[in-house]
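Peer 1: Got a sequence here, can you model it:
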Amino acid sequence: MVPSMTDLQYISSLLHEIFQIPVFYLNARGKIEWGYTGEWIDSPLYTSREAMLAPFSDSVYRLAFPVLHNMDTLENFCSIAIEEEGNYQGTLVLGPTAYSKIPGELINGLINDRWIKSNKEEIITYYRNLPLLSSMNLSKAARLALFMINKEQMDSTLLLHLNRKTLDSSTEAANSAQILSERRLNSNFHHSRDLEERLFLAIKEGQPELLMSMLQNTPFITGTGILAKKSEIRNQKNLAIAGVTLATRYAMDGGMPSESAYTMSDMYIQTIEELTATSEINATLRKSFCDFSERVRSNKTNIYSKPIKKCVSHIFNHLYDDLSLSDLVELTDYSPAYLSTLFKKEVGISFSEYVMKARIEEAKYLINYSDHPLSKVGTLLNFHDQSHFIKAFKKLTGITPKQFQMLRTAKI
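Peer 2: Okay, here's the model as predicted:
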């Protein structure tokens, strides 16, 4: 049962107050019922607020989860369709926002891209006053809204995955790999087909050194085609996201467990969405390629028998679950004693040691690329308590999770 209009309006005001962003509610006819805007300035790019918000009431966005929109106009929105017993009631819209302060060059680029001849100062003022909210926090706002409206909990990784997997390629950058494939078929991709194949083969074969040597002198994004005509920076991001998506597929073809590959993909795409400079996008894409290749090599280095391969794959796909040896016993039909002996013989360490090592590697990845606090990372990966997590992390890395996080921050 959805909240009453009175409760929904209160939810809107709370979201506005908590995140300091505009919040609107569109009724079933696409008309604004209310809006909490604070000091937000109306966009000069649209004739009215309803014209700006009109796309979000479209039936394509009436989905069972919050839809995240990264617009060619450099703004970000989130839309949540309100339905009761299958009947569309309206849409809650969070935004517009920007992930970070938009550089003047990008604003001028947008003005030039759109051939805007008047109100330039007004447009510049609008973008300089656009509410700032990181992609992580926009995801939090979306998940909080979903919970307050539908009493439904949703993890940030699942939210990103649903947005990437479900939305049509014409409206969301997440599926731009399809467009990229079509461009290759039409011989419009500016890179050498041979170079492209060798890059992705290096990922599939787990050859990071070869990959890095090819990437050193390869401007992988600049000049590789157009996936967004209205904004150059959006085009750069779309191409990078397409690259990550393709790398994910090649890594899985190379033997990387699907859950690990999708998690890594989601984190890199989220990082790319936060960036505002081509050099940063290029560097992040290159790093993602190398990371995928490293993970594939790590998986290929271990030549295991078929039963142990099944065990290792199960472990990686269930790192966030409560893993036990009995799970693998059911998987292989071996006795616990025999399986323990075989696992240690082939892998080199015991089942419990292997699980611990895999979880610490996953923890390092979450610390680097997710918005989870350290205490949450340990809980997600099924450590009994924070003390257990810290002790295990330090045993395998030589430093505490906090020190690892500080090192990462210092490098940035």
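
Peer 1: For K287, what is the enclosing helix or strand?
Peer 2: Per DSSP states H and E: K287 is located in helix 278-301.

Peer 1: quick one: what helix or strand has the closest residue to F292 other than its chain neighbours in it?
Peer 2: Excluding the flanking residues, the one nearest F292 by Cβ to Cβ, 6 or more residues apart in numbering is A251, at 4.2 Å. C-beta: built from backbone N, CA, C; applies to glycine. Element membership for A251 (DSSP H and E) is helix 232-253.

Peer 1: Put the alpha carbons of that helix into CSV.
Peer 2: Provided in CSV are the C-alpha atoms of helix 232-253 (Å, rounded to 0.1, in the frame of the first residue of the first chain):
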residue,chain,number,x,y,z
GLU,A,232,31.5,15.9,-24.9
ILE,A,233,32.1,14.8,-21.3
ARG,A,234,29.0,12.7,-21.4
ASN,A,235,30.3,11.1,-24.6
GLN,A,236,33.6,10.4,-22.8
LYS,A,237,31.8,8.7,-19.9
ASN,A,238,29.5,6.7,-22.2
LEU,A,239,32.5,5.3,-24.1
ALA,A,240,34.3,4.5,-20.9
ILE,A,241,31.2,2.7,-19.5
ALA,A,242,30.9,0.8,-22.8
GLY,A,243,34.6,-0.2,-22.4
VAL,A,244,34.1,-1.5,-18.8
THR,A,245,31.0,-3.4,-19.9
LEU,A,246,32.9,-5.2,-22.7
ALA,A,247,35.8,-5.8,-20.4
THR,A,248,33.4,-7.4,-17.9
ARG,A,249,32.2,-9.8,-20.5
TYR,A,250,35.7,-10.8,-21.6
ALA,A,251,36.8,-11.3,-18.0
MET,A,252,33.9,-13.7,-17.4
ASP,A,253,34.7,-15.5,-20.6
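
Peer 1: buried residues in the next helix or strand after it?
Peer 2: Using DSSP H and E, the helix or strand that follows helix 232-253 in sequence is helix 258-274. Using 16 or more other Cβ atoms under 10 Å as the test for burial, helix 258-274 gives 260-273.

Peer 1: Quick one: mean pLDDT over helix 258-274.
Peer 2: The predicted model assigns helix 258-274 a mean pLDDT of 83.

Peer 1: on contacts alone, who are the packing partners of it?
Peer 2: helix 135-150, helix 156-166, helix 232-253, helix 278-301, helix 306-317, helix 351-369 (3 or more Cβ pairs under 8 Å, 6 or more residues apart in numbering; DSSP states H and E).

Peer 1: what's the angle between that helix and helix 351-369?
Peer 2: Relative orientation of helix 258-274 versus helix 351-369 (axes from the mean of the first three to the mean of the last three Cα atoms, to 10 degrees): 10 degrees.

Peer 1: any idea of the angle helix 258-274 forms with helix 232-253?
Peer 2: 170 degrees.

Peer 1: hey, C-alpha coordinates of helix 258-274 in PDB?
Peer 2: Coordinates of each C-alpha in helix 258-274 appear next as PDB, following Å, rounded to 0.1, in the frame of the first residue of the first chain:
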ATOM      1  CA  SER A 258      30.400 -13.600 -12.600                       C
ATOM      2  CA  GLU A 259      29.400 -12.100  -9.300                       C
ATOM      3  CA  SER A 260      32.900 -10.700  -8.800                       C
ATOM      4  CA  ALA A 261      33.000  -9.400 -12.300                       C
ATOM      5  CA  TYR A 262      29.600  -7.600 -12.000                       C
ATOM      6  CA  THR A 263      30.600  -6.100  -8.700                       C
ATOM      7  CA  MET A 264      33.800  -4.700 -10.100                       C
ATOM      8  CA  SER A 265      32.000  -3.400 -13.100                       C
ATOM      9  CA  ASP A 266      29.400  -1.600 -11.000                       C
ATOM     10  CA  MET A 267      32.100   0.000  -8.900                       C
ATOM     11  CA  TYR A 268      34.100   1.200 -11.800                       C
ATOM     12  CA  ILE A 269      31.100   2.600 -13.600                       C
ATOM     13  CA  GLN A 270      30.100   4.500 -10.500                       C
ATOM     14  CA  THR A 271      33.600   5.900 -10.200                       C
ATOM     15  CA  ILE A 272      33.500   7.000 -13.900                       C
ATOM     16  CA  GLU A 273      30.200   8.800 -13.400                       C
ATOM     17  CA  GLU A 274      31.800  11.000 -10.600                       C
END
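
Peer 1: if we look at it, which residues are touching it?
Peer 2: 70, 99-100, 134-136, 157, 160-161, 164, 174, 237, 240-241, 244-245, 247-248, 251-252, 281, 284-285, 288, 291-292, 295, 316-319, 362, 365, 368-370 (Cβ atoms under 8 Å, 6 or more residues apart in numbering).
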